[in-house]
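Novice: kindly generate the corresponding structure for this input.
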Amino acid sequence: MALFKKRTAGKPGEWYYCLEHKKVEEGPECPAKNRFGPYASREEAEHAMETARERNLEWENDPRWHDAGRPADDDPA
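Specialist: Coordinates of the predicted model:
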């Protein structure tokens, strides 16, 4: 049994979106692997999943990162 509880990194006043509990948290309540953030405001954290979807779509459609025109590694070229 551990004598001391390991504290998660972060500060009160920072906002996070917990991926496990699907809720906004002020300060770190859950482990870093389960959250997005920190965000400057509660409103930003509330829109974390929407922001992630928008960014993923931008990256998927960015010609600098899109590999559609390149042959696959297993294709003989």
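Novice: in the helix ranked longest in the chain, what counts as buried?
Specialist: The single longest helix within the chain, with elements called by DSSP state H, is helix 48-61. Neighbour counts over helix 48-61 (16 or more other Cβ atoms under 10 Å) mark Ala48 as buried. The way it works is simple: take the backbone N, C-alpha and C, and place the C-beta from them, glycine included.
Novice: off-centre distance for it?
Specialist: Taking Cα atoms, centre = their mean, to the nearest Å, one finds helix 48-61 lying 11 Å from the centre of the chain it belongs to.
Novice: pLDDT (mean, whole number) over that helix?
Specialist: Averaged across helix 48-61, pLDDT comes to 94.
Novice: helices or strands up against it?
Specialist: Contact partners of helix 48-61 among helices and strands, from 3 or more Cβ pairs under 8 Å, 6 or more residues apart in numbering; DSSP states H and E: strand 35-39.
Novice: contacts for the longest helix of the chain, please.
Specialist: For helix 48-61, contacts defined as Cβ atoms under 8 Å, 6 or more residues apart in numbering pick out Tyr17, Phe36, Gly37, Tyr39, Glu44, Trp65, His66.
Novice: any of those residues buried? List them.
Specialist: The buried subset of the contacts of helix 48-61 - by 16+ other Cβ under 10 Å - is Tyr17, Phe36, Gly37, Tyr39, Glu44.
Novice: farthest-separated two in those residues?
Specialist: Spanning the widest gap among these are Phe36 and Glu44, at 9.9 Å by Cβ to Cβ.
Novice: what's the spatially most central residue of the chain in contact with, if anything?
Specialist: Centroid-nearest residue in the chain: Phe36, 3.9 Å away (criterion: Cα atoms, centre = their mean). Applying Cβ under 8 Å, 6+ apart, one finds that Phe36 lies in contact with Tyr16, Tyr17, Leu19, Ala45, Ala48, Met49, Ala52.
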